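J.: Following is a predicted model, sequence given first.
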Amino acid sequence: MPTINAFFEDEAYVPKLDAISSELKDLVSEELSCGDRKLKPEEVTLRLLHSLGKSMMAPIEMDITAAPYSERIDRQDQICLSVRQFVLDHVNGLENAQVWLNLHELGHSIEEPKG
């Protein structure tokens, strides 16, 4: 399942990111859907993480991790730019954000339904 880790140094971004979390998960699930694999927003995890250092490139930085489907590989820069623009458009006062898409094999602990 895809994950979004959103890092920030200023804790004032917590309520702002929290307010757009549902729409952000909608966008990411849509952007990462491909072929016969249609993602649902509830399959995307969003984590808001306070960074304790002062060496970030932007006030908000996001790492998105997902499996490497070929459609995602072909569109990885477009996906990052789309998510970045969404965040810039929806977080008041934010002038810069950086987004990275990490595509690699994933294991998970989600239990499959029985029966």
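T.: The structure has been received and is ready for your questions.
J.: nearest spatial neighbour of A67, skipping sequence neighbours?
T.: Distances taken as C-beta to C-beta, 6 or more residues apart in numbering place L106 nearest to A67, at 5.3 Å, with adjacent residues excluded. Every C-beta, even on glycine, is put in place using the N, C-alpha and C of the backbone.
J.: need the contact list for the one you found.
T.: By C-beta atoms under 8 Å, 6 or more residues apart in numbering, L106 lies in contact with M1, T65, A66, A67.
J.: the helices in the chain, which residues?
T.: Ranges of helices in the chain, per DSSP state H, are 13-19, 21-32, 70-90.
J.: which of those helices sits most buried?
T.: Of the helices of the chain, the one with the most neighbours on average (mean count of other C-beta atoms under 10 Å) is helix 21-32, at a mean of 18.
J.: want to throw the contacts of L106 into JSON lines with pLDDT, distance to P59 and neighbour count?
T.: Below are the contacts of L106 laid out as JSON lines (pLDDT from 0 to 100; distance: C-beta to C-beta, whole Å; neighbours: other C-beta atoms under 10 Å):
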{"residue": "M1", "pLDDT": "88", "distance to P59": "27", "neighbour count": "14"}
{"residue": "T65", "pLDDT": "97", "distance to P59": "21", "neighbour count": "16"}
{"residue": "A66", "pLDDT": "96", "distance to P59": "24", "neighbour count": "23"}
{"residue": "A67", "pLDDT": "94", "distance to P59": "29", "neighbour count": "14"}
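J.: Mark which of these are part of strands, please.
T.: Mapping the contacts of L106 onto strands (DSSP state E) picks out T65, A66.
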